[in-house]
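> Predicted model and sequence follow; I will ask about them next.
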Amino acid sequence: MLSQARLFGAVEAGGTKFVCAIGDESGAIHAESRFPTVDPVSTLARVREFFQTRGDFVPSAMGVACFGPVILDRRSANYGFIGNTPKIGWSNTDVAAMLAREFACSVGFDTDVNAAALAEHRWGAGRDARNLVYVTVGTGIGGGVLIEGAPLHGLMHPEIGHIYPRRHELDVNFAGVCPFHGDCLEGLASGPAILARAGNELRHLDAAHVQWQIEADYLGQLCAQLVLTVSPQRIILGGGVMAEALFPLVRRRTLHWLGGYIDRCEILSDIERYIVPPALGARAGVLGALCLALDAGAGA
C-alpha cells in the first residue's frame, strides 16, 4: 500500500505510448505503468484504472505532459484539451478536466516538451540555466521553452518543429512528410522524414551517408534560430534521432548559421556545454509530468 504523504500522479501522454506514474517531491517514482496509445476512450480508461487500483492513493495533485497541439489558455472552455492533432481520433479530446473530475485535485497540464524542459531544469541538464530550450527529435519535432524557469505560453505554445528551414543543397527534391506543411522542419528532419528519404533510421546509416550532413544542417539551423530569437542559456536536444555522433555535426552547423554574429564565449569556445543531450534521457517526459503535478500542488 502506498504512503499518502505528498504523493503525486503523473501522466506522460505520448502519441505512441502513455506512461502513468506515482511520484514524490524528490522526483522518486513509486509506481509506474506504460501502454500503447490507441483510441482516446480505451487509453484514458487505462489511465484512470492505473490510479484507481493503487491502494488508497489520493493524489496531492496530478500532472499531464501531453502530445499536442494542446489548449493551454485557462480562459478557454477547452482548456486541457488536445487540439487539432495529426494523431487520428485524438483531436478535441478532454484530458486534464477528466482527471480533475475523477480525482478531485489540481491538475497541471502542458505540452510534453515543455514538461520535459521543466524536468531537465529541475533535475537534469538544465539545472544551472534559468532560460533554456528542450527539443525532441523523433517521430515528430517539438520544443519546450523555459523563461525564468517557467514554460513559455502565448497565443498557444511554441511549435518549433513547424518552422521552415532553408533547404539543404543536397535535399532540394524531397517533398517532406508533414501532413500540414510538407517541408517544414518536422517534415524534413524528423525520424519519418529520414526513413522516407534514406530508407533507414539515421543510427543505422554509415557515417559517410549524406543524410548525416542533411540532418545536422537542419538542426543547426534550428539551434541558430533559437539562439537569435529566444536567447536561451542552454539548448537540450533529445529524442530517438539524436545519436551521440550527431551532436558535433549539429554544433558545427549552428556556428556556421550564426555566422560569427553572436560574440559569446558560450557559443564560440564552450558550445559543447551549450548544445547538450538530456541528462534524464527517456525519463524526461514522465518526470516532466511529475514537475507539472508538483507545481499544480504548490499553487492549489
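Here it is on my side, so go on. Computed from a predicted model, the values in this text were never measured in an experiment. Numbering: from 1, shown residues only.
> ok, the closest residue to residue 103 other than its chain neighbours - how many residues close by?
Nearest-residue entry for residue 103: residue 59, 5.6 Å, with adjacent residues in sequence omitted and distances by C-beta to C-beta, 6 or more residues apart in numbering. Just so you know, the C-beta spots here come from the backbone N, C-alpha and C atoms, and that holds for glycine as well. Counted with other C-beta atoms under 10 Å, residues neighbouring residue 59 total 24.
> where exactly do the strands run in the stretch 201-300 of the chain?
All strands of the stretch 201-300 of the chain, identified by DSSP state E, counting those that start in this stretch, fall at 234-238, 275-276.
> Look up the residues forming beta bridges with residue 94.
residue 81 (DSSP bridges).
> list the contacts for it?
Counting by C-beta atoms under 8 Å, 6 or more residues apart in numbering, residue 94 touches 78, 80-81.
> quick check, nearest of these to residue 131?
Nearest to residue 131 among the contacts of residue 94, counting by C-beta to C-beta, is residue 80 at 26.4 Å.
> Just give me how far stretch 18-32 sits from the chain centre.
Centroid separation for stretch 18-32 versus its chain: 18 Å, with C-alpha atoms, centre = their mean, to the nearest Å.
> Tell me the buried residues in that stretch?
18-24, 27, 31 (16 or more other C-beta atoms under 10 Å).
> what does it rub up against?
2, 5-12, 33-37, 43, 46-47, 50-51, 54, 57, 59, 122-123, 285-287, 289-290, 293-294.
> Turn the buried ones among these into a named ChimeraX selection, would you?
To isolate in ChimeraX the members of those that are buried, counting by 16+ other C-beta under 10 Å, one can use:
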select :7,8,9,10,11,12,33,37,43,47,50,51,54,57,59,122,123,285,286,287,289,290,293,294
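> Which ones among the contacts of stretch 18-32 map onto strands?
8-12, 33-36 (DSSP state E).
> Turn those residues into JSON lines, including pLDDT.
Shown next, in JSON lines, are the ones in strands among the contacts of stretch 18-32 (pLDDT from 0 to 100):
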{"residue": "8", "pLDDT": "97"}
{"residue": "9", "pLDDT": "97"}
{"residue": "10", "pLDDT": "97"}
{"residue": "11", "pLDDT": "97"}
{"residue": "12", "pLDDT": "96"}
{"residue": "33", "pLDDT": "97"}
{"residue": "34", "pLDDT": "96"}
{"residue": "35", "pLDDT": "97"}
{"residue": "36", "pLDDT": "96"}
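> List the contacts of the residue nearest to residue 103.
7-9, 22, 51, 103, 105, 293.
> Ok, residue 117 next?
Residue 117 neighbours (C-beta under 8 Å, 6+ apart): 126, 132-134, 144-146, 151, 236, 288.
> Span of stretch 47-61 from start to end?
End-to-end distance of stretch 47-61 (C-alpha to C-alpha, to the nearest Å): 15 Å.
> May I ask you to confirm that residue 129 belongs to a helix?
No - under DSSP: H, G, I helix; E, B strand; the rest coil, residue 129 falls outside any helix and is assigned coil.
> Number of residues surrounding it?
18.
> next one: the one 4 residues further on
Neighbour count for residue 133, taken as other C-beta under 10 Å: 29.
> quick check, it in a helix?
No - secondary structure of residue 133 (three-state DSSP): strand, not part of a helix.
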